[in-house]
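A.B. asks: Okay, here's the prediction I keep looking at, along with the sequence it came from:
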Amino acid sequence: MNFLKQSYRETTAMMRTHGLKMLLLMVAAALLTACGGDSEETAGSTLAERDVTPEVQAFYAANPELITFATPADIPTDLVWEDGMDLPDIGSPDARKGGTYNEYLEDFPPTLRFVGPDSNSSARSWISGFYRLTYAVPHANEGGYIPGIAESWAIDQENKTVYVKINPNARWSDDEPITADDQMFAMFFNLSEYIQAPFSNNHYANEYTNITKYDDYTFSMTVTTAKPDMAEYVLYLSPVPEHFYKELGPDFPERYQWRYEPHAGPYHLAEADIDMGVRMVLRRKENWWAKDNKYWRNLFNPDAINLTVIRDTAKRYEAFRSGDLDMFRIATADMWYDSLPDTDPDVASGYIHKSTFYNGGVRGNWGLWINSSRPLLDNLDIRLGIQYASNWELVISNYFRGDVERLNTQNDGYPDFSNTDIAARPFDIDKALEHFANAGFVNRGPDGILVNDQGERLAFTLSTNYDRYADVFTILKEEAIKAGLELRIEILDGAAGFRKNREKQHDIYFMSFAPSQSMYPDYWQSNHSDNAYDDSFLEDGTVNPDRKIKTQTNNLESIADFELDQWIEEYDDSSDKARMIELSHMIQQRHFEYASFSPGFAEPFYRTAYWRWVRWPEGFNFRFTTYPYEMFAHWIDTDMKQETLDARSDGRAFEPHVEVYDQYRGL
């Protein structure tokens, strides 16, 4: 069995050698397991009884350099242990536990799995992403680490090792204890091809060289490179519940399709609370192990989170206005100014509140992700023409009424690491026509769309799952026609949209990845050829004519550039911040030249409408938040809810609340 996909990282001889040794040892472990005859699976019985434990143990035994068992006496005595307890509290001491928070899902998730095929759906965060704890998490306002699953940690920068002591009170959401064995198992799990998750496979293969268990609650992990944010490579991990994945095997996607993975957070999803295709209800664990922790006691306040599938944007808004939804994040200017103006009776009477919150940190990267593996889009001049034919200036001025900013690169907002010398290409019909002509599209057909000598029309499908931006696509479509380009708009539901771009079946996709608050961008996922094709290049660096598209990765542009790969690999392997910054600028410049991403807009704030009974801390929310609900700092005041509903029925008004919170603006 091949657990690892070998990287060809020419710049890292140590990792290349280590990876080959691991591959051979893992094959040996798999053969040992096969010889033991423990598996009862057959071709005709994909859900036969299975116990992966012997395979895991064989893997550990075959990989002593990767998997180490030691004793507490082996822990260095000069470590400086931290617990993050000196930072300010998070949340409001006035927060109340109780009530049900009602939210919508764009579509029912295609799976409950957290990894593997179709797991990266629009419902992912609501299923468990918002509630999953890592060993430590960044403080939401201050930066620095605060404890999650870990009780304390120590960082040995010189030896590239992070030590973690798990809080002995930590429990999975099914009440099983969390131990170092779960992190040991995480190494096996994330290296396994069973999970069909190339990113996890490659990340664990290339970023970690050892995990050592010292006792039931203490372990260390050694990383490949002592990068400036080395500690985050370990502290931001979540363990994997070994007891839950006892049946892990080749049929993982089907076997675990509708099983809810336990996590360390406060909410759990029971089978009885799943109404397939309709709704899910997550319930807060009253005995949650971290409920009295300094940093968590004022968060995750609702007793239940009721998630109802509402696919149509207009119907979601209707559900909010009727009180069936407690909150409505408003992402469009017309809804903020026209559909729900400050003069609306519910707003003016204080029943519905409106808040604009300027957050800090990295911005989302809304734009057009151009799949350069598709016919015609593999031509640089075509991609450059699309850049100049995209009138984002008009979108921002007319649709967003000037409230948002033009994005310049895919990675704006990283101090030092973002290349601020790059400016997004403006809308320019003449330049668009020039590039299209270079690609053989000179003459216009009767409908104004350019046609080449073979009779091919310059037409592509622009797909998305964001129906709320339908008017944006109309502007882009109408303006592109002026440059002889047809954009066929395809608006899909969330599940279908995610599936299409993950399978690399799109021409152009409009979306944004959730912004990361890391110190620097991650380029390997989205820009490295490892995530575009299987075996992109031959040994001499020339294109492999037999390469095949690789699906289920974040390289939505199918970028495959040999020199760019080398820069990304050096960047990933470097511990020199100055060199990383230099490489980051080079990578962004090359990506700009490749022209497979048309930068759209960045939102320096988020806007939210919510019923009066949804309460917030002073200052509304935290600096490093992207969504109003992601840390559940709000709470449901059930008494105020009844008071508000009664007042609305009787015609009694409250003081209106329309606020702008700009304490973090520009930070």
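C.D. replies: Now that the structure is in, tell me what you want to look at.

A.B. asks: OK, contacts around D453?
C.D. replies: Neighbouring residues of D453 by Cβ atoms under 8 Å, 6 or more residues apart in numbering: G440. Where you see a C-beta, it was placed from the backbone N, CA and C, and this is true even at glycine.

A.B. asks: which stretches of this protein have low pLDDT?
C.D. replies: Under the criterion pLDDT under 70, the flagged ranges of the chain are 1-46.

A.B. asks: surely K291 meets P266?
C.D. replies: Yes - contact criterion Cβ atoms under 8 Å: K291 and P266 qualify, at 7.1 Å.

A.B. asks: between those two, who's got more neighbours?
C.D. replies: Comparing K291 with P266 by other Cβ atoms under 10 Å, the one with more neighbours is P266, at 23 against 15.

A.B. asks: Buried residues, stretch 495-505. List them.
C.D. replies: By neighbour count on 16 or more other Cβ atoms under 10 Å, the buried set for stretch 495-505 is 495, 497-502, 504.

A.B. asks: wait, stretch 482-491
C.D. replies: Residues of stretch 482-491 classed as buried under the neighbour-count rule (16+ other Cβ under 10 Å) are 483-487, 490-491.

A.B. asks: which ones among those residues are found in strands?
C.D. replies: Using DSSP state E, the subset of the buried residues of stretch 482-491 located in strands is 486-487, 490-491.

A.B. asks: between the residues you listed, which is closest to P72?
C.D. replies: Nearest to P72, judged by Cβ to Cβ, of these is I491 at 57.5 Å.

A.B. asks: The closest residue to the closest one other than its chain neighbours - how many residues pack around it?
C.D. replies: Closest residue in space to I491, ignoring its immediate chain neighbours: D467 at 4.9 Å, by Cβ to Cβ, 6 or more residues apart in numbering. With neighbours defined by other Cβ under 10 Å, the count for D467 comes to 17.

A.B. asks: phi, psi of D467?
C.D. replies: Backbone torsions of D467, given as degrees, to the nearest 10, read phi -70, psi -20.

A.B. asks: Quick check: it touching E490?
C.D. replies: No - with contacts defined as Cβ under 8 Å, D467 does not count as touching E490, sitting 10.9 Å away.

A.B. asks: quick one: common contacting residues for these two?
C.D. replies: Common contacts of D467 and E490, defined by Cβ under 8 Å, 6+ apart, are absent altogether.

A.B. asks: Let's have the ones in strands among the buried residues of stretch 482-491 in CSV, adding distance to Y194.
C.D. replies: As requested, those are exported to CSV (distance: Cβ to Cβ, whole Å):
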residue, distance to Y194
E486, 43
L487, 40
E490, 33
I491, 35
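
A.B. asks: Between which two of the residues you listed is the distance greatest?
C.D. replies: Using Cβ to Cβ, those span at most 16.4 Å, a distance reached by E486 and I491.

A.B. asks: Kindly provide the distance from R279 to D338.
C.D. replies: In this view, R279 and D338 are 30 Å apart by Cβ to Cβ, to the nearest Å.

A.B. asks: Comparing the two, which residue is more hemmed in?
C.D. replies: Here R279 and D338 are set side by side on neighbour count (other Cβ under 10 Å), and the busier one is R279, at 17 against 10.

A.B. asks: I'd say that one and N306 touch.
C.D. replies: Yes - with contacts defined as Cβ under 8 Å, R279 counts as touching N306 at a distance of 6.7 Å.

A.B. asks: so who does the closest residue to V56 other than its chain neighbours touch?
C.D. replies: Of all residues not flanking V56 in the chain, F188 sits nearest, at 5.2 Å (Cβ to Cβ, 6+ apart). If you count contacts by Cβ under 8 Å, 6+ apart, F188 has them with 56, 59-60.

A.B. asks: Pick out the one among those residues with the largest number of neighbours.
C.D. replies: Going through the contacts of F188 with other Cβ under 10 Å as the criterion, the one with the most neighbours is F59, at 26 neighbours.

A.B. asks: Look at P345 and say how many residues are nearby.
C.D. replies: Neighbour count of P345, defined by other Cβ under 10 Å: 10.

A.B. asks: Which element, helix or strand, includes T68?
C.D. replies: Using DSSP states H and E, T68 maps to strand 67-69.

A.B. asks: who touches that strand?
C.D. replies: 59-60, 184, 187, 210-213.

A.B. asks: Which segments of the chain make up each domain?
C.D. replies: 1-39, 53-284, 312-360+605-661, 367-602 (automatic domain parsing).

A.B. asks: Out of those, which gets nearest to L47?
C.D. replies: Comparison of these against L47 by Cβ to Cβ identifies domain 53-284 as nearest, at 6.1 Å.

A.B. asks: Just confirm the residue nearest to V56 is within a helix.
C.D. replies: Yes - under DSSP: H, G, I helix; E, B strand; the rest coil, F188 sits within a helix.

A.B. asks: which residues in the stretch 551-667 of the chain form strands?
C.D. replies: Assignment of strands within the stretch 551-667 of the chain using DSSP state E, counting those that start in this stretch yields the ranges 597-602, 606-611, 614-615, 635-636, 658-661.

A.B. asks: Distance to D534 and mean neighbour count added to these, as TSV?
C.D. replies: What follows is these, written out as TSV (distance: least, Cβ to Cβ, whole Å; neighbours: other Cβ atoms under 10 Å):
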stretch	distance to D534	mean neighbour count
strand 597-602	23	23
strand 606-611	39	22
strand 614-615	48	20
strand 635-636	49	24
strand 658-661	48	14
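
A.B. asks: Determine which of the ones you listed approaches S122 most closely.
C.D. replies: Here strand 606-611 is closest among the strands of the stretch 551-667 of the chain (Cβ to Cβ), at 16.8 Å.

A.B. asks: Report all helices and strands that that closest one contacts.
C.D. replies: With contacts defined as 3 or more Cβ pairs under 8 Å, 6 or more residues apart in numbering; DSSP states H and E, the secondary structure elements packing on strand 606-611 are strand 327-330, strand 352-357.

A.B. asks: Pick the most buried one from those strands.
C.D. replies: Highest mean neighbour count among the helices and strands packed on strand 606-611 (mean count of other Cβ atoms under 10 Å): strand 352-357, with a mean of 21.

A.B. asks: I would like the residues contacting the helix or strand hosting E434, please.
C.D. replies: Counting by DSSP H and E, the element that carries E434 is helix 429-438. Contacts with helix 429-438, where a contact means Cβ under 8 Å, 6+ apart, come from 381-382, 384-389, 425, 442, 450, 458, 482-485.

A.B. asks: What of stretch 626-640?
C.D. replies: With contacts defined as Cβ under 8 Å, 6+ apart, stretch 626-640 is touched by 90-92, 95-101, 103, 125, 130, 140, 298-302, 326-327, 329, 355, 357, 359, 364, 514-515, 606, 608, 610, 612-617, 621-622, 625.

A.B. asks: make it 6 Å
C.D. replies: With Cβ atoms under 6 Å, 6 or more residues apart in numbering as the contact definition, stretch 626-640 has outside contacts at 91, 95-96, 98-99, 101, 130, 299-302, 515, 608, 613-617.

A.B. asks: go on, stretch 302-314?
C.D. replies: The contact list for stretch 302-314 (Cβ under 6 Å, 6+ apart) reads 98-105, 107-108, 126, 278-284, 316, 319, 467-468, 493, 636.
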